[in-house]
Each structure stands twice: as C-alpha cells, then as structure tokens.
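Enquirer: Mind folding the following:
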Amino acid sequence: MLVPPHPCKTAQMQTRSIPRRQFLKSAGIAPLAAWCGKLSAAPGSEAPVPDALFESSSPEVIALAERVMEKCVLAKIMPPAPPLKRTWIVPGGPYYLGQWIWDTMFVVDLLSMLPGREQMIRDIFRNYWDFQDRWNETAPEHARDMITVAIKTEPQEVRQFSQIPILAWGVERVYRRNRDKQLLEQCLARLERFHDWYWRERDLHDNGLITLGAYTGILQHARWETFDYECNMDDMKMTVHPVRKGPHEGPWYADICVPGNTAYLIMGEQSLARLADIMGDSAMAARRRKRIGKGIAAMRRHMWDDKAGTFLSVRRDSLEKIPVATIGSWIPLTAGVPTAEQARRMAGVLASPAWQTPLPVPTVDPTDPRWKPDAFWRGDVWPSTNYQIASGLAAYGHHELAADIADKTVANAIKNGISEHYHSVTGKALGVADYCMSCTLLTMMLDGLTRRHTLRQRATNRPDKP
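Expert: Model prediction:
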C-alpha cells in the first residue's frame, strides 16, 4: 500500500527549545491577575474590582472563570518545539503532545479577548499553514492541502488524517472579538484549500456527505477524525476509493458517512463565506455557499430520521441509515442544518427522559445497550459538545432547554472541577484535569446560554470596543 510519506522525516526543524518560563516572560504572558487585575467581585455585588476582566454576582462563577483562563487557556500556550516553529497550544495531559485542530479553536476564541494577543494568535494559526506546506512537499495531488488532526511534536510520527473541520469557525470567532483583518488575510486562502481537500477526499460520491479516512489505512486513525469511539462506528471498515482507480490506491476511506463531521464542515463553510464577504471576496463566498447548500440538502435528505428525531450516520455507498443516535447526531443544530420543524423534533428528543441523564448530554442514546455513563464517547459528557449543542438549540429558539444543559454543565464543573469529560450519572470528573477544550465552560456563559450561572466580560476590557 502506498501512502504519502511522513513530511517530518524530510523536513526536520532545528528550532532551539526555549524554557517555558523564559518563553512566557519574553512573550509578555503574565498570570491572568497581572493582566486583568484580580477577577473576584464582592459577594452579591455586580460591581467587580477595578480592571477585572469579567463580572458576575456569583463568586463561584468568577472563581470558575478565573481558573478556566489560567489553566485551560494561558497555561496551554507553549514555546516553539519542532516541527512547530511558532507559539502553539497544547491540550493538556501527558498524551496530548502537539497542536490539535478542534481543541485549539476553543482556546484561541477566549485568548482573543485579551489585549495585544493578535500576533500570538496569527502564529498559532500559521502552524497549520506551515504543516500544509510540509505535507504538500511529498503528498500526491489528491492528498494535497490536508491539515492533520494534530501537529505532533518530534519525534512522534506525523498523523496522516485530519479532524473535525472547525478552523474557519475558530478564525471567525477570533475576528468577531478582536477585528484582526491581518488574521483574515493570512488565513482565508489556506482555509479554502483545506476545505477543498475535505470535500475532495471525504465526499467520495460528491453528494454532500462526509466520510472518514486516514492515509495509513488504519481503522482507528479514521475514527480519530471524529468523536472516535462513537457506537455508530463499531462495524466501520476501511475501503479503497469507490471511484478513483489506479495502482497506488489503498484502503484509506471509511465506509460510512457521519453527521458530525458533515455538519462541522458546513459550519466551517458558513464562517468562511462570511469572512470572505468581510474581505470583499464575493467569488470565494459564492463558492463556499454552493457547498453549504449542497451539504444541507444532502443531510436533510439522507441522514434525517423521523423515528429517531435526529440525524444518523449512513453507509457511504448505499446510504442505509445506521440505527443509533450519538453525540454527532446533534451537531447539525449548531450548523443550522435542520429545518425549524426538524429542530423542534430534535429539541423534544433531547428533552426526553432517554437523553436527560442527571448530567446531560450523554454521547450515545442511553437506551442503546452499549451506553456506559463513564465510557469515552459512549455515554460520558463533554463540555465542548454541550456548548455547541446548547448554541444550536438557542439559535433555533429553544432557549430553556439550551440553558438547562448549559447551567447543569457549569454547576457540575463548580462542584467536581474542570475536566476533559464527565460521568453522565454522577457528574464525576473523567480524563485530564483542566483540559483545554473545557474552556467552553466559560464560553457558554459568555455567549449567554446559561440562565442561573451568569457572567459577562466588562465592556472596558473588550478588544473590539471602539
């Protein structure tokens, strides 16, 4: 089997390692309290102490916000380490050594709230474009412009598969906060190339539905492109390309299409189209909106299931539905894929006893025999997916259900600490403490999704304030 070789073997970087403490000092990264003043407010008072970044009537909420910024955002900023030539974001824990796609976007969103971080954020995104260049040096034409799931630090092998495609969403979130047009100038053409790779190498029948894959041909690598242990992928297989033929083809493509990644790509396209409009590139915006329309129509036609009341994975070649709802089934809400009636039906299912575990939203339908409340993407709960599901519900007008999910998620973190994921029955912390994606505990409050746990950024500390 022929696959693209590992670019890092032919493009070793000689970047000198910098001690972290020295790097943080040289980059002007002080503890949050030194940047913004002490965060705590007087109990029962809406008035924060001078120079505070946030304000809330709840000292517990303020304490959670402070820890999120300190541990999930600032503590994740790393100095250059080969092959990463620039500042990068580490997720946390001993295993996750590199800069991921999905995880990093939630961090830069909050980092962009802080003044003077524009160049740092541009550098974080430049790591993806640097990888794209290294990859293209040795990749065959069909594989060019991929961005890996994670730019792993050396001597780890290069990952030959991608991840949930929300880079464009992350760029838009940063721009909406800090109005950095230089970031858009740097990113838009690169993002379009990445999106074109995604459609070319994951929409294999050109029907608007996204499959999974890995140029290694390894099944688990393909699963790692999405919520990797979802029950809908239990009998997934790797195959050759169903259309492209030739002596150098390998079993690089999964035989199912998933609603999660399809919806994320549509969401990324929506961000890219809006950003193209901002930059005056109407041709790019038109290209991306054509993709959006095709993807939404395909999901409604082939993935929507009336009985389940949500979107299901389908067999790639036959379009037969796989009868289990997983966390990816709800991501279409976030991307604006359902009709208003479909969204109403989805909200009803999410509000039903089947999905209302003591800590919602579990990552698989609890009526499925494979559900376990502490199993990785098979019954546990993640702040990042809860944030995006609540965002989607609120966008469709289901504010009470969105607030219930968001408030329970925040309350559980106040009680059990900030962690990667949680037990959906007891709420106990699972995985890596202070994991970077759990910064979404703060984001869901700042986005106004909660009702009981309220927090806002002080207007005088907003980078985008005129």
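Enquirer: Isn't K294 up against H205?
Expert: No - with contact defined as C-beta atoms under 8 Å, K294 does not reach H205; the gap is 11.9 Å. All C-beta spots, glycine's among them, are computed from the backbone N, C-alpha and C.
Enquirer: Neighbour count: the two, which is higher?
Expert: Ranked by neighbour count (other C-beta atoms under 10 Å), K294 and H205 place K294 first, with 18 against 14.
Enquirer: number of nearby residues for the spatially closest residue to the more buried one that is not a sequence neighbour?
Expert: Leaving out its chain neighbours, the residue that sits closest to K294 by C-beta to C-beta, 6 or more residues apart in numbering is G208, at 4.3 Å. G208 has 24 neighbouring residues, counting by other C-beta under 10 Å.
Enquirer: what do you get for K290?
Expert: By other C-beta under 10 Å, 12 other residues sit near K290.
Enquirer: Give me the phi and psi for it.
Expert: phi -60, psi -40 (degrees, to the nearest 10).
Enquirer: coming back round to it: which SS state does the residue nearest to K294 fall under?
Expert: Three-state call for G208 (DSSP: H, G, I helix; E, B strand; the rest coil): coil.
Enquirer: Who are the contact partners of it?
Expert: G208 makes contact with T262, K294, G295, I296, A297, A298, M299, according to C-beta atoms under 8 Å, 6 or more residues apart in numbering.
Enquirer: got it, and N412?
Expert: For N412, the contacting residues are L359, Y422, G427, by C-beta under 8 Å, 6+ apart.
Enquirer: So what sits opposite the second one in the bridge?
Expert: Applying DSSP bridges to Y422 gives these bridge partners: V381, A429.
Enquirer: Tell me the spacing between it and V381.
Expert: Distance from Y422 to V381, counting by C-beta to C-beta, to the nearest Å: 5 Å.
Enquirer: Go ahead and flag the most central residue of this protein.
Expert: Nearest to the geometric centre of the chain sits W102, at 3.3 Å (C-alpha atoms, centre = their mean).
Enquirer: Out of the contacts of G208, which end up buried?
Expert: Neighbour-count burial (16 or more other C-beta atoms under 10 Å) applied to the contacts of G208 gives T262, K294, G295, I296, A298, M299.
Enquirer: List the contacts of the longest helix seen in the chain.
Expert: The longest helix of the chain (DSSP state H) is helix 181-202. Residues outside helix 181-202 that contact it (C-beta under 8 Å, 6+ apart) are 118, 121-122, 125-126, 128-129, 132, 142-147, 162, 165, 167-168, 171, 174-175, 210-213, 253, 261, 265, 268-269, 272, 275-276, 278-279, 281, 284, 287-288, 291.
Enquirer: From those residues, list just the buried residues.
Expert: Buried, going by 16+ other C-beta under 10 Å: 118, 121-122, 125-126, 128-129, 132, 142-147, 162, 165, 167-168, 171, 174-175, 210-213, 253, 261, 265, 268-269, 272, 275-276, 281, 284, 287-288, 291, out of the contacts of helix 181-202.
Enquirer: Out of these, list just those in helices.
Expert: 118, 121-122, 125-126, 128-129, 132, 167-168, 171, 174-175, 261, 265, 268-269, 272, 275-276, 284, 287-288, 291.
Enquirer: after the worst-scoring helix or strand of the chain on mean pLDDT comes which helix or strand?
Expert: In the chain, no helix or strand scores lower on mean pLDDT, DSSP states H and E than helix 32-36, which sits at a mean of 53. Toward the C-terminus, helix 32-36 is succeeded by strand 54-55 as the next helix or strand (DSSP states H and E).
Enquirer: if we can go back for a sec, state the distance from the residue nearest to K294 to R193.
Expert: 20 Å.
Enquirer: Just give the number of residues close to the closest residue to W100 other than its chain neighbours.
Expert: Excluding the flanking residues, the one nearest W100 by C-beta to C-beta, 6+ apart is A150, at 4.5 Å. Using other C-beta under 10 Å, the number of residues around A150 comes to 24.
Enquirer: Could you do the one 5 residues further on as well?
Expert: Each residue near P155 was counted by other C-beta under 10 Å, and the total is 8.
Enquirer: SS state for it?
Expert: Look at P155: counting by three-state DSSP, its state is coil.
Enquirer: now it: how far from I101?
Expert: Per C-beta to C-beta, P155 is found 21 Å from I101.
Enquirer: cool, and V61?
Expert: V61 is 29 Å from I101, where distance means C-beta to C-beta.
Enquirer: go on, S329?
Expert: Look at S329 and I101: by C-beta to C-beta, they are 21 Å apart.
Enquirer: next one: A63
Expert: In terms of C-beta to C-beta, A63 sits 30 Å off from I101.
Enquirer: Fine, thanks again, bye for now.
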